[in-house]
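Student: here are the coordinates; sequence isn't available:
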């Protein structure tokens, strides 16, 4: 079943029309709306390693600001749930050097079996101003 809506130039963001895929009509004016559900992206595949890392970092380091996602820039192809990049601001980092912060992150990754696969930008809350601009990125894109 198709429905012609001549006054509609874009799909609606809200309501019933947001559930439909739109395409230009070949005959007449307007759009033909098919009853197939419209989605801007596919569902995220399962990622048990990412969930384990998120859980252990959240429990052990108690971060104030934390995002972790798949690093898709590693490798020649599409590698999922193997390499990760993140950003973290934790009070447990106060008074530590960058080497000590990175070693804490690496030790927790080794507990899960992901040593050498996590790249984390770490700062304590007293140096939040040094990572404030990096937090503007969209870190939760893979959800």
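Tutor: Done, it's in. Everything numeric here is computed off the predicted structure, so don't read it as measured data.

Student: Now for residue 123: which residues touch it?
Tutor: 88-89, 93, 101, 130-131 (CB atoms under 8 Å, 6 or more residues apart in numbering). Bear in mind the C-beta positions are built from the backbone N, C-alpha and C, glycine included.

Student: separation between it and residue 44?
Tutor: Per CB to CB, to the nearest Å, residue 123 is found 28 Å from residue 44.

Student: The closest residue to residue 58 other than its chain neighbours bridge partners, please.
Tutor: Excluding the flanking residues, the one nearest residue 58 by CB to CB, 6 or more residues apart in numbering is residue 66, at 6.7 Å. Applying DSSP bridges to residue 66 gives these bridge partners: residue 88.

Student: show me the contacts for residue 72.
Tutor: Here residue 72 is in contact with 78-80 (criterion: CB under 8 Å, 6+ apart).

Student: Now rank those by neighbours and give me the top one.
Tutor: Of all these, residue 80 has the most neighbours under the rule other CB atoms under 10 Å, reaching 15 neighbours.

Student: in which helix or strand would I find that one?
Tutor: Here residue 80 sits in a region with no helix or strand, counting by DSSP states H and E.

Student: who's in contact with it?
Tutor: Residue 80 neighbours (CB under 8 Å, 6+ apart): 45, 47, 70, 72.

Student: How about the first one: what's its closest non-neighbour residue?
Tutor: The shortest distance from residue 45 to any residue that is not its chain neighbour, by CB to CB, 6+ apart, is 6.0 Å, and that residue is residue 80.
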